[in-house]
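Trainee: coords below, sequence missing:
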Ligand SMILES: [Zn+2]
């Protein structure tokens, strides 16, 4: 693995161990003089966060910390961050965290100086045009997990608590201007989080690969992302201190989010309502759902999976499915939703919510609410 590298794809991307020390210089380069660092309370307590703050102060930047981001952030949570941003008269956001921290921070940045509400930017039709592009603050993203890829994405998933649904907030200018991808920040992740977030990255690459539509660049990135995950996720879980495994997973995670410009699919269409209804981990949900959704989609993606299998050194679609099952077992992912305490009682509601989730629009098969309910029930009971 190269020690470090810089890419523009299309986000400026600084990759390499130890590069978090470049945070202050990166802010200056982006024209940010008074950043608000947005993160969660767990990360805020770690020494490297104070080191970032101090390096920014030493560089003459004004900087403040907003550390109240919850996992599965809500609209209220974003509003609190936004209040801090406006009160401190900040001019940019340092988004630090896993999916929740990055998504909430990006939502604060897009809302920085808007007169519309957050939900006016829900990813439906041309809603993003409700935002004034001049009112969006620049973002420097520093991921601390390898899964969401939100550091290179143009959307945020935020829970609307009143409606009990996860909504995607979207604006093309929400894509962070720069990423610092420092694998040293992911070394301390526990095994189960490494496994669940890694499977989220796999689901992004895989759903993007299976999505219909012509986007050969995204397709190529997805195949290589899946290959990296096949090679490195078991090692990142087994040996969390392996900096190369951590680095390769960090890149594969960004590749997943780059690839899913092509679209996601039924794994995410189901994982979003399940996350909102049961407050379960997003990556873990995708990991459990993966083989059930692949099996349901198989009639229309058999040829694609055969091709993917060959790229991965596997025999065919059957071999690919067997590999997914084996990978899940190897890294400790449960086989059924029942094993994480989800039963089938709300199957009808889950189906109704999944069918309107925007992720499902690019699933290879257009599932009905009933189809989604059937897949969900199979995943609950572990019926292959
Ligand atoms: Zn995801």
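Mentor: Structure's in. What do you need? Since the structure is predicted, the reported quantities are computational estimates derived from the model, not experimental observations. Numbering: from 1, shown residues only.
Trainee: Need the pLDDT of the closest residue to residue 252 other than its chain neighbours.
Mentor: Spatial nearest neighbour of residue 252, chain neighbours left out: residue 228 (4.1 Å); criterion: Cβ to Cβ, 6 or more residues apart in numbering. Quick note: C-beta positions are derived from backbone N, CA and C, even for glycine. Residue 228 carries a pLDDT value of 98.
Trainee: now residue 2
Mentor: 65.
Trainee: can you check residue 71 too?
Mentor: pLDDT, residue 71: 84.
Trainee: Please apply the same query to the one 10 residues further on.
Mentor: Among the per-residue scores, residue 81 holds a pLDDT of 98.
Trainee: And what about it, helix, strand or coil?
Mentor: When classified by DSSP: H, G, I helix; E, B strand; the rest coil, residue 81 comes out as helix.
Trainee: residues in contact with it?
Mentor: Listed by Cβ atoms under 8 Å, 6 or more residues apart in numbering, the contact partners of residue 81 are 36, 38, 66, 68-69, 104-105, 107-108.
Trainee: hang on, the earlier thing: quick one: the residue nearest to residue 252 from residue 165, how far?
Mentor: In this view, residue 228 and residue 165 are 33 Å apart by Cβ to Cβ, to the nearest Å.
Trainee: neighbour-wise, which of the two wins?
Mentor: Between residue 228 and residue 165, counted using other Cβ atoms under 10 Å, residue 228 has the larger neighbour count: 23 against 18.
Trainee: residues touching the more buried one, list them.
Mentor: Counting by Cβ under 8 Å, 6+ apart, residue 228 touches 248-249, 251-252, 255.
Trainee: That one: which element?
Mentor: Assessed by DSSP states H and E, residue 228 sits inside helix 216-238.
Trainee: Spell out the secondary structure type for residue 62.
Mentor: Here residue 62 takes the coil state, with states given by three-state DSSP.
Trainee: isn't it right up against residue 33?
Mentor: Yes. In this structure, residue 62 is within contact of residue 33 by Cβ atoms under 8 Å, at 6.6 Å.
Trainee: Of the contacts of residue 81, which belong to strands?
Mentor: With strands taken from DSSP state E, the overlap with those comprises 36, 38, 66.
Trainee: Please indicate which of the residues you listed are buried?
Mentor: 36, 38, 66 (16 or more other Cβ atoms under 10 Å).
Trainee: In TSV: those, plus distance to residue 216 and pLDDT.
Mentor: Putting those into TSV (distance: Cβ to Cβ, whole Å; pLDDT from 0 to 100) gives the following:
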residue	distance to residue 216	pLDDT
36	39	98
38	36	98
66	40	98
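Trainee: picking that back up, buried subset of the contacts of residue 228?
Mentor: Among the contacts of residue 228, those scoring as buried are 248-249, 251-252, 255 (criterion: 16+ other Cβ under 10 Å).
Trainee: from these, which ones fall inside helices?
Mentor: Using DSSP state H, 248-249, 251-252, 255 are the members of the buried ones among the contacts of residue 228 that sit in helices.
Trainee: Now do residue 292: how many residues are near it, please.
Mentor: 26.
Trainee: What values do phi and psi take at it?
Mentor: Reported as degrees, to the nearest 10, the phi and psi values for residue 292 are phi -70, psi -40.
Trainee: ok, now which ones touch the closest residue to it other than its chain neighbours?
Mentor: In space, and not counting its chain neighbours, residue 292 is closest to residue 379: 4.5 Å by Cβ to Cβ, 6+ apart. Residue 379 is in contact with 270, 288-289, 292, 336-337, counting by Cβ under 8 Å, 6+ apart.
Trainee: which pair in the residues you listed spans the largest distance?
Mentor: Spanning the widest gap among these are 270 and 336, at 13.7 Å by Cβ to Cβ.
Trainee: neighbour count winner among the two?
Mentor: Shown here are residue 270 and residue 336; by other Cβ under 10 Å, residue 270 has more neighbours (30 against 15).
Trainee: Secondary structure class of that one, three-state.
Mentor: helix.
Trainee: in which helix or strand would I find the nearest residue to residue 365 once chain neighbours are set aside?
Mentor: The shortest distance from residue 365 to any non-neighbouring residue, by Cβ to Cβ, 6+ apart, is to residue 300 (5.3 Å). Using DSSP H and E, residue 300 sits within helix 282-311.
Trainee: and if you look at residue 198?
Mentor: Per DSSP H and E: helix 191-210 holds residue 198.
Trainee: Tell me what angle that helix forms with helix 282-311.
Mentor: Between helix 191-210 and helix 282-311, the angle comes out at 50 degrees (axes from the mean of the first three to the mean of the last three Cα atoms, to 10 degrees).
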